[in-house]
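Chemist: quick one: sequence plus predicted model below, questions after.
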Amino acid sequence: MAKSSTVARCAECGHIEPRWMGRCPSCEAWGTLHEQAPVTAVRSARSAHTAMPISDVPRGEHERTPTGLAELDRVLGGGLVGGSVTLIGGEPGAGKSTLLLQASHAIASSGRTVLYVSAEESPSQVRLRADRLGTLSDALLLASVSDLGAVLGLVERHAPALLVLDSIQTVSDDDTAGTAGGLSQVRACAAKLTRIAKARQMSTVLAGHVTKDGQLAGPRVLEHLVDTVCELDGDRHHALRLLRATKNRFGPVGEVGCFEMTGAGLVDVKDAGRLFMGDMLTPTTGVAVTLACEGRRPLACEVQALVADSTLGNPRRTASGLDAQRLNLLVAVLEQRAQMRFTNCDIYASSVGGLRVMEPAVDLALCLALVSSRTNVPLRRDLIALGEVGLAGELRMVAQTERRLAEAGRLGFKAALLPAAYDGPAHSLQLLRAPHLAGALGHCFSTDATSARAATTDRWSDPNA
């Protein structure tokens, strides 16, 4: 029997099987095995290269080109590095093409040649967007091709300082089998573009699609080949857009850039907290404020809760922008540790401005908002709450507490409710410390409330007293 001329490689873990299978036996992922030509083992000759102490290796100086967008430069670590390859992914409509066109125009306006290759849209469609954004420039060259050979030919002809390819999943290489967007095509196109970028010291930015799960489309080898991976995230019903760096060989990982989508394109948001705070000046029930950390950047965020009597056998528990499972857990903790009753109540909780807050630092603020709505007692508008709530009702410290408090002081807040374990600087804030959830509720809900609320005051005494 003739031996098969192809093998199957897993896109997730790289495992190789002699034939295609529905499930990878190594990582047990379904549908990740793809056929490709077998890799033949070649005996390598002895190398004449020698190793040297790492302290003797000269430091490389990376010249950075500012993109004209301060928030994008923050995420990249100061700008685009010559010879680097950056992958920017995001859902359709998030603003990837808008961001790339604005950055291309800013670099072209500085006198550098920029080649913008759109493999998805026609030149007239890109021109219409450029007219709307005001990004017309003679140094910004536009082409609409989907063949990798044609793209490399344009690079040889124009020698750009920056190549923008929108998108990598729609480009195909004639020398590689498979359709555009497939495993072999994506790997081959990205590898060739990376080699050309390094050889010519040409900054390259690739736009990438995402799957229905929000992950970058294509195999993970695409992320391994490039130098920087950024994800543009945002709800199309809100103006906020967040750009996160999940990989960066030339800068910090975890930085977040904030943009606001306007009719004139993406605009830098220096004080992003204003997007996540309501406009209400008077105290309102069911509203609490916390500081969420996106990367290393604290953002003031308003958490809202609505507790209403339910006529359903199974009351609703709905969370928008928050972890729904965490909401159920905190409701159970409030019932058991603070004797609050939500059994026959519908609960709706959300974060303002479209920000998704999944970290434990929001726990205390969410508990305060739930109790405030349930008892109809508003919280102070100048108070922030920071703390993780445990199953025993204890309050735990969260990461970067001091950085969050410094941002709260800068924004004008007057008080902060914290776990008792915090012993750092106050940053001009009045610190209200509590070891457990019951003590935190006692700080926020005074005993001089109405008689209907006063009956519940004893519930918030120290359960360990």
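Modeler: Great, that's in hand. No experiment lies behind these values; they were computed from the predicted model shown.
Chemist: rest of the way, CA atoms for contacts and neighbours
Modeler: Fine.
Chemist: can you give me the neighbour number for the closest residue to G412 other than its chain neighbours?
Modeler: Leaving out its chain neighbours, the residue that sits closest to G412 by CA to CA, 6 or more residues apart in numbering is D382, at 7.7 Å. When neighbours are counted by other CA atoms under 10 Å, D382 registers 16.
Chemist: ok, D382 to L370 distance?
Modeler: Using CA to CA, to the nearest Å, we find D382 at a distance of 18 Å from L370.
Chemist: which residues in the stretch 301-450 of the chain form strands?
Modeler: 317-320, 345-351, 383-385, 388-389, 395-396, 415-419, 430-434 (DSSP state E, counting those that start in this stretch).
Chemist: so which of the ones you listed gets nearest T285?
Modeler: strand 345-351 (12.7 Å; CA to CA).
Chemist: partners of that closest one in the sheet?
Modeler: strand 297-309 (antiparallel), strand 317-320 (parallel) (DSSP bridges).
Chemist: how about a markdown table for the ones you listed, with mean neighbour count and distance to R403 added?
Modeler: Output for the strands paired with strand 345-351, formatted as a markdown table (neighbours: other CA atoms under 10 Å; distance: least, CA to CA, whole Å):
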| stretch | mean neighbour count | distance to R403 |
| --- | --- | --- |
| strand 297-309 | 22 | 7 |
| strand 317-320 | 17 | 26 |
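Chemist: export those to CSV and tack on distance to P360 and mean pLDDT?
Modeler: Shown next, in CSV, are the strands paired with strand 345-351 (distance: least, CA to CA, whole Å; pLDDT from 0 to 100):
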stretch, distance to P360, mean pLDDT
strand 297-309, 13, 91
strand 317-320, 15, 94
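Chemist: among the ones you listed, which is nearest V389?
Modeler: strand 297-309 (15.6 Å).
Chemist: chain center to the closest one, what's the gap?
Modeler: 20 Å (CA atoms, centre = their mean, to the nearest Å).
Chemist: same question for stretch 372-385.
Modeler: 29 Å.
Chemist: how far does that stretch stretch from one end to the other?
Modeler: Distance between the two ends of stretch 372-385: 13 Å, counting by CA to CA.
Chemist: so for that stretch, mean pLDDT?
Modeler: Stretch 372-385 shows a mean pLDDT of 93.
Chemist: now it: buried residues?
Modeler: For stretch 372-385, burial by neighbour count (16 or more other CA atoms under 10 Å) applies to 372-375, 377-385.
Chemist: in a markdown table, list these along with distance to N314.
Modeler: Shown next, in a markdown table, are these (distance: CA to CA, whole Å):
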| residue | distance to N314 |
| --- | --- |
| S372 | 22 |
| S373 | 20 |
| R374 | 18 |
| T375 | 22 |
| V377 | 26 |
| P378 | 27 |
| L379 | 29 |
| R380 | 33 |
| R381 | 33 |
| D382 | 36 |
| L383 | 34 |
| I384 | 33 |
| A385 | 30 |
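Chemist: farthest pair within those residues?
Modeler: R374 and D382 (20.7 Å).
Chemist: what's near enough to touch the residue nearest to D363 when sequence neighbours are not counted?
Modeler: Nearest non-adjacent residue to D363, counting by CA to CA, 6+ apart: E388, 5.2 Å away. By CA atoms under 8 Å, 6 or more residues apart in numbering, E388 lies in contact with P360, A361, V362, D363, L364, L395, R396, M397, V398.
Chemist: isn't the second one up against A292?
Modeler: Yes: with contacts counted by CA atoms under 8 Å, A361 reaches A292, the gap being 6.9 Å.
Chemist: now for R356, how many residues are close by?
Modeler: Applying other CA under 10 Å, I find that R356 has 18 neighbouring residues.
Chemist: oh, I was asking about G111
Modeler: 13.
Chemist: ok, the residue lying closest to it once chain neighbours are set aside - how many residues close by?
Modeler: Spatial nearest neighbour of G111, chain neighbours left out: A139 (7.0 Å); criterion: CA to CA, 6+ apart. The tally of other residues near A139 (other CA under 10 Å) stands at 18.
Chemist: likewise Q125?
Modeler: Here the number of neighbours of Q125 (other CA under 10 Å) works out to 11.
Chemist: neighbouring contacts of stretch 160-167?
Modeler: 82, 97, 100, 104, 112-120, 155, 201-209.
Chemist: which ones among those residues lie within strands?
Modeler: Applying DSSP state E to the contacts of stretch 160-167, the entries found in strands are V114, L115, Y116, V117, S118, S203, T204, V205, L206, A207, G208.
Chemist: ok, and the most crowded of the residues you listed?
Modeler: V114 (30 neighbours).
Chemist: strands along the stretch 151-300 of the chain, start to end?
Modeler: Along the stretch 151-300 of the chain, the segments classed as strands by DSSP E, counting those that start in this stretch run 162-166, 203-208, 228-233, 240-248, 256-262, 265-268, 287-294, 297-309.
Chemist: give me the secondary structure label for M52.
Modeler: coil (DSSP: H, G, I helix; E, B strand; the rest coil).
Chemist: kindly report the same for R19.
Modeler: Classified using three-state DSSP, R19 is coil.
Chemist: in this structure it contacts R9, no?
Modeler: No: the pair R19 / R9 is not scored as a contact, 9.1 Å apart, by CA under 8 Å.
Chemist: have a look at those two and say which one is more surrounded.
Modeler: R9 (24 against 14).
Chemist: beta partners of the more buried one?
Modeler: Beta-bridge partners, per DSSP bridges, of R9: I16, H34.
Chemist: residues in contact with it?
Modeler: If you count contacts by CA under 8 Å, 6+ apart, R9 has them with H15, I16, E17, T32, L33, H34, E35, Q36.
Chemist: among these, which one has the most neighbours?
Modeler: Most neighbours among the contacts of R9, by other CA under 10 Å: L33, with 26 neighbours.
Chemist: isn't that residue right next to C27, touching?
Modeler: No: when contacts are counted by CA under 8 Å, L33 is not listed as touching C27 (10.8 Å).
Chemist: OK, contacts around the nearest residue to H105 once chain neighbours are set aside?
Modeler: Spatial nearest neighbour of H105, excluding adjacent residues (CA to CA, 6+ apart): T135 at 5.4 Å. T135 is in contact with L101, Q102, H105, A106, counting by CA under 8 Å, 6+ apart.
Chemist: among these, which lie within helices?
Modeler: L101, Q102, H105, A106 (DSSP state H).
Chemist: need those in TSV (columns: pLDDT and distance to V126).
Modeler: Shown next, in TSV, are those (pLDDT from 0 to 100; distance: CA to CA, whole Å):
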residue	pLDDT	distance to V126
L101	96	9
Q102	96	12
H105	96	13
A106	95	16
